[in-house]
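1. sequence? don't have it. structure:
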């Protein structure tokens, strides 16, 4: 069981890109091309230097990719494994961890582009940048309880999956990825009230500006503290009935 969820996650990625010329490299190529186009277009509208804006977008969109895929895949963690659930006695946490591992593996490939962009960072590196590491650990913790929470809810309420997808599309434009909060008072207010902005900030701020956003850390810590028991409760309450819902 210890290795099963990792092997299942790897198999999911292999199946997704099986018989393609580039294989998993498509993740890196598609992300890099998307960022390049966005920087070329929206960089014309930004007042900050091109190098800073390019790194701002690269880091922000890389982090958003993980946040978005975690939310949407959490909804299908159980339905994706429907045949396994009906045909085997595999413990349900395996499917939760499978979804989490698959997104982490994908993000590790995206992170290669982010590291390449950081290598071109014009300012000096500082020890403060290491604060990005606990930020990424907070992402991993959040992805576990979020999957444990949404997976059974989306099995029982099938419309919830589509609602989450729609919500995430709208949230993308309300998150400072292609725009800087400091450029407009209204945008700054939107960023403050958007939880995704704070999740992005705890990793991007140390890497890009060498700052530790304490306010964002308080928001992220509060969300994780509230979400962890909610995820545990959702899993405990649903595991005996899940076989009938699926």
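-> Sure, I can see it. None of these values were measured; they are calculated from a predicted model. Residues are numbered from 1 along each chain as shown.

2. least trustworthy helix or strand in this protein by mean pLDDT?
-> In the chain, the helix or strand scored least confidently by mean pLDDT, DSSP states H and E is helix 185-193, which has a mean of 80.

3. what's next to it, contact-wise?
-> Contacts to helix 185-193, defined as CB atoms under 8 Å, 6 or more residues apart in numbering, come from residues 174-176, 179-182, 197. All C-beta atoms are positioned from the backbone trio N, CA, C, and that covers glycine.

4. tell me the two of the residues you listed that are most distant?
-> Using CB to CB, the two most remote members of these are 174 and 182, lying 15.9 Å apart.

5. those two: which is more packed in?
-> The neighbour count for residue 174 versus residue 182, taken as other CB atoms under 10 Å, is higher for residue 174 (15 against 12).

6. measure residue 30 to residue 19 for me?
-> Plainly put, residue 30 is 17 Å away from residue 19 if you go by CB to CB, to the nearest Å.

7. if you count neighbours, what's buried in the least confident helix or strand of the chain?
-> 190-191 (16 or more other CB atoms under 10 Å).

8. repeat for stretch 206-215
-> Neighbour-count burial for stretch 206-215 [16+ other CB under 10 Å]: 206-209, 212-213.

9. try stretch 48-58
-> Buried, per 16+ other CB under 10 Å, within stretch 48-58: 52-58.

10. kindly report the same for stretch 164-184.
-> Buried positions in stretch 164-184, judged by neighbour count with 16+ other CB under 10 Å: 164, 168, 171, 175-181.

11. pLDDT check: weakest of these?
-> In terms of pLDDT, residue 181 ranks lowest among the buried residues of stretch 164-184, with 78.

12. quick revisit: more neighbours, residue 30 and residue 19?
-> Neighbour count, other CB under 10 Å: between residue 30 and residue 19, residue 30 has more, with 12 against 5.

13. which stretch of helix or strand covers that one?
-> Applying DSSP states H and E as the criterion places residue 30 in helix 25-42.

14. ok, now residue 141?
-> Per DSSP H and E: helix 132-156 holds residue 141.

15. I'd like the average pLDDT over that helix.
-> 96.

16. ok, now stretch 121-129?
-> Here the average pLDDT along stretch 121-129 is 80.

17. tell me the SS of residue 211?
-> coil (DSSP: H, G, I helix; E, B strand; the rest coil).

18. tell me the spacing between the closest residue to it other than its chain neighbours and residue 197.
-> The spatial neighbour of residue 211 that comes closest, neighbours along the chain excluded (CB to CB, 6 or more residues apart in numbering), is residue 205 at 4.6 Å. The gap separating residue 205 from residue 197 is 11 Å, by CB to CB.
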